[in-house]
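K.L.:
how would this look folded up:
(chains A and B)
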Amino acid sequence: MSEGWNVLEVVLRAVAVLAAFLVLPLLVGQTEHKVMAHMQGRLGPMYAGGFHGWAQLVADAVKFIQKEDITPARADRGVFRLAPFVALIPYLVAMAVVPLSPTIVGADVPGSALLVLAATGVGIIGTLMGGWASASKYSMLGAMRAAAQLVSYELPMVLAVASVALAAGTLSMVGIAEAWTPWWLLWQAPGAFVFLVAALAELQRPPFDMPIADSELVFGIFTEYTGLRFAFFLLAEYAGIVLFSLIFSVLWLGGWAGPFEAGLGWLWTILKAYAIAVLMIWLRVSWPRLREDQLQRLAWVWLVPIALLQLAITAVGVVMMR
Amino acid sequence: MTERTQAEQVNPEPVEPVQPVGGEAQPEETRVTAPRPKETAPAPGTKPSGILPGLVKGLAATARTLTRHAHTAEYPDVMPKLPPRTRGVIALTEENCTSCMLCARECPDWCIYIDSHKEELPPTTPGGRARQRNVLDRFAIDFSLCMYCGICVEVCPFDALWWSPEFEYAELDIRELIHEKDRLGAWMATVPPPAALDPASAEPAELVAASKPPRPVRPAAGEDEAAPARVRPARPAPGEGGPPAARPRREARAATPAATPTDTPTDTATPPTAPIPTDPAPTAVLPAADATPSGDAPADAGPADNPPADKDGGA
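P.N.:
Alright, predicted model coming up:
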């Protein structure tokens, strides 16, 4: 009896996570459509769905499904077809452990912060696979750039998360958010900055989109992809935005901390994450793409030292407050 | 990055002192100015002083645009507000067209087609001369050739062609872009009224002429004989009113043959016509024209009758 109940609960949780995984990226995508358009003096989609083009991404999905699924003749077939899923699934796994409130969480695991970082790190494998298997020099160059970028920015990101974990004394995201106080906004500010920049780079979003720099590499690793597989890559990008926004809101903004947090905690988490997502869109619209060497320089000359400094500040703070 | 931009700014500075070495008084000035550019480097405005202001400026620009209305013209849903003088399509007032062909000949790409024929009008009075007028059979503009220069509209002396701001007349077949006169006439409804006159401008000539007080009734011919001397001095005085002043002269002359030998010999023809019209309007010309052929005696005096004859030919 209880075992059957458990299975049902697991299924329900999985379905809920999957639903969030499919809906929230669309929400962010639509926000990007409209916010970017208005920031550029345009209107963005206006027709699909009737009201201000709210169903534009649904229409896009229908279009992607209808498109022919092409695999280049010289491509490594199996790897080529598998790559989008390898890029997408890790974000789904990571999404499962990110809490919206102490109770609303797909799977509350003790080391969720560690698990999230590990899972997001796997996504790059999909990018590398796609770039290698496409049998296209542009895809290959894009994949190499992506790998170099990810290697550079994984370190400051891990250091930044380590800082909050150190401050809270736990690796559980729920635990970190519970330990959060408004004082952290100042105390952990350098780490928050480092994490935000590193997350943008990890997502390969402008101004860190050298791997898909369209003026240099056609479309990087996506060059040879069409139809649904291409859509999966896009979905992975937007799922990544959702995921990193949620992580940022939980770890650095206190997640569900706010008025009526007993009942509306999940809403606070989502609103904070949404603000971060809008910030990411804003940065994308406003700033030009960095050059490859500028990217590396930013990571190693600025972010890593700042993250290490943050770690030291955190350590001092923890010792002082004890 | 900040270091690099600074380095770039520093680099050109050493170059400057090198150049004015040739000048004598220059080096001192450059010495003075050399340290200054470092502080005032952002002043020229060409380069931002560092990485941060530029990035913040970019963020501010997009945020500002976000709060303002989009520039998008939602055309099929919202009609554009076009200025009244927009060159959209050319409209035709068929009644005004005299088939003079000026527009067709001036058209740079020859996209105006005019067919017409002449019609004989019976004389309005018995024994009068039959007159001819042009009847427009076809007036078409090929908008697939038209380059919207507006020369035809400019050149039309009878205000038969007008610009209309309408522009939605695309066709699936290019041959449909030839608008015949009925379609051109239908565009007239869309022609905006002419712009109001400038408040400081002079009153239009038509209005001035219409608002003039009527001319005083002229005294009878018998009395007129006695008063040529009075009429004559009055002529130079008005100055501007040339044509009205010219008319009484002729009558005065008719009354007193000995007045001016230098004048043209109109005297012979005018006596019969003079008493009839007292008005310079074209209606006055027509009776005179009718009168001349009927009174066949002046046929010999044709040269003497030159001015009226020209008017007939012109009309």
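K.L.:
all strands for chain B, in order.
P.N.:
All strands of chain B, identified by DSSP state E, fall at B:89-92, B:112-121, B:131-142, B:161-164, B:178-179.
K.L.:
what residues does the last one touch?
P.N.:
With contact meaning CB atoms under 8 Å, 6 or more residues apart in numbering or on different chains, strand B:178-179 is reached by B:Val89, B:Tyr113, B:Ala140, B:Ile141, B:Asp142, B:Phe143, B:Ser144, B:Tyr169, B:Trp187. Every residue, glycine included, has its C-beta placed from N, CA and C.
K.L.:
Most tightly packed of the strands of chain B?
P.N.:
Scoring the strands of chain B by mean neighbour count under mean count of other CB atoms under 10 Å in any protein chain shown gives strand B:89-92 as the most buried, with a mean of 24.
K.L.:
in the stretch 201-322 of chain A, what residue is nearest chain B?
P.N.:
Residue nearest to chain B within the stretch 201-322 of chain A (CB to the nearest CB): A:Ser286, separated by 4.1 Å.
K.L.:
For A:Gly131, which of the strands of chain B is the nearest?
P.N.:
strand B:89-92 (55.2 Å; CB to CB).
K.L.:
quick one on the thing from earlier: and the two most separated of the contacts of strand B:178-179?
P.N.:
Farthest-apart pair in the contacts of strand B:178-179 is B:Tyr113 and B:Tyr169; separation 17.5 Å (CB to CB).
K.L.:
Save the strands of chain B as TSV, and put in mean pLDDT too.
P.N.:
As requested, those are exported to TSV (pLDDT from 0 to 100):
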stretch	mean pLDDT
strand B:89-92	92
strand B:112-121	91
strand B:131-142	91
strand B:161-164	92
strand B:178-179	92
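K.L.:
Read off the pLDDT value for B:Pro275.
P.N.:
pLDDT for B:Pro275: 43.
K.L.:
List the residues that contact A:Met210.
P.N.:
Under the criterion of CB under 8 Å, 6+ apart, the neighbours of A:Met210 are A:Arg145, A:Gln149, A:Gln204, A:Glu216, A:Arg289, A:Leu290, A:Arg291, A:Glu292, A:Leu295.
K.L.:
For B:Pro76, see how far away the residue in the stretch 101-250 of chain B positioned nearest to chain A is.
P.N.:
Residue nearest to chain A within the stretch 101-250 of chain B: B:Glu168 (20.0 Å; CB to the nearest CB). Separation of B:Glu168 from B:Pro76 (CB to CB, to the nearest Å): 10 Å.
K.L.:
what's the answer for A:Ala148, then?
P.N.:
47 Å.
K.L.:
B:Ala196 too?
P.N.:
Relative to B:Pro76, B:Ala196 is positioned 32 Å away (CB to CB).
K.L.:
Test my guess that B:Ile114 contacts B:Glu94.
P.N.:
No: checked against CB atoms under 8 Å, the pair B:Ile114 and B:Glu94 is beyond contact range at 11.5 Å.
K.L.:
Can you work out which residues contact both of those two?
P.N.:
In contact with both B:Ile114 and B:Glu94: B:Leu136, B:Phe139, using CB under 8 Å, 6+ apart.
K.L.:
and stretch A:236-255, C-alpha only, in CSV?
P.N.:
This file holds the C-alpha atoms of stretch A:236-255, laid out as CSV (Å, rounded to 0.1, in the frame of the first residue of the first chain):
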residue,chain,number,x,y,z
ALA,A,236,18.0,23.5,-23.5
GLU,A,237,19.2,27.1,-23.7
TYR,A,238,16.0,28.5,-22.3
ALA,A,239,15.7,25.7,-19.7
GLY,A,240,19.2,26.7,-18.7
ILE,A,241,18.1,30.3,-18.2
VAL,A,242,15.2,29.1,-16.0
LEU,A,243,17.5,26.8,-14.1
PHE,A,244,20.2,29.3,-13.4
SER,A,245,17.7,32.0,-12.6
LEU,A,246,16.1,29.7,-10.1
ILE,A,247,19.5,28.7,-8.6
PHE,A,248,20.5,32.4,-8.3
SER,A,249,17.2,33.3,-6.7
VAL,A,250,17.4,30.4,-4.2
LEU,A,251,21.1,30.8,-3.3
TRP,A,252,21.6,34.6,-3.3
LEU,A,253,18.2,36.1,-3.1
GLY,A,254,16.8,33.9,-0.3
GLY,A,255,14.4,32.1,-2.6
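K.L.:
What about the residue nearest to the residue of the stretch 201-322 of chain A closest to chain B when sequence neighbours are not counted, how many residues nearby?
P.N.:
Spatial nearest neighbour of A:Ser286, excluding adjacent residues (CB to CB, 6 or more residues apart in numbering or on different chains): B:Gly58 at 4.1 Å. By other CB atoms under 10 Å in any protein chain shown, the residues close to B:Gly58 number 17.
K.L.:
for the one 5 residues further on, same thing?
P.N.:
Burial of B:Ala63, expressed as a neighbour count using other CB under 10 Å, amounts to 13.
K.L.:
ok, it to chain A distance?
P.N.:
7 Å (CB to the nearest CB, to the nearest Å).
K.L.:
if we can go back for a sec, can you redo the strands of chain B as a markdown table with distance to A:Ile221?
P.N.:
Shown next, in a markdown table, are those (distance: least, CB to CB, whole Å):
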| stretch | distance to A:Ile221 |
| --- | --- |
| strand B:89-92 | 52 |
| strand B:112-121 | 59 |
| strand B:131-142 | 53 |
| strand B:161-164 | 55 |
| strand B:178-179 | 54 |
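K.L.:
Right, I'll call it a day here.
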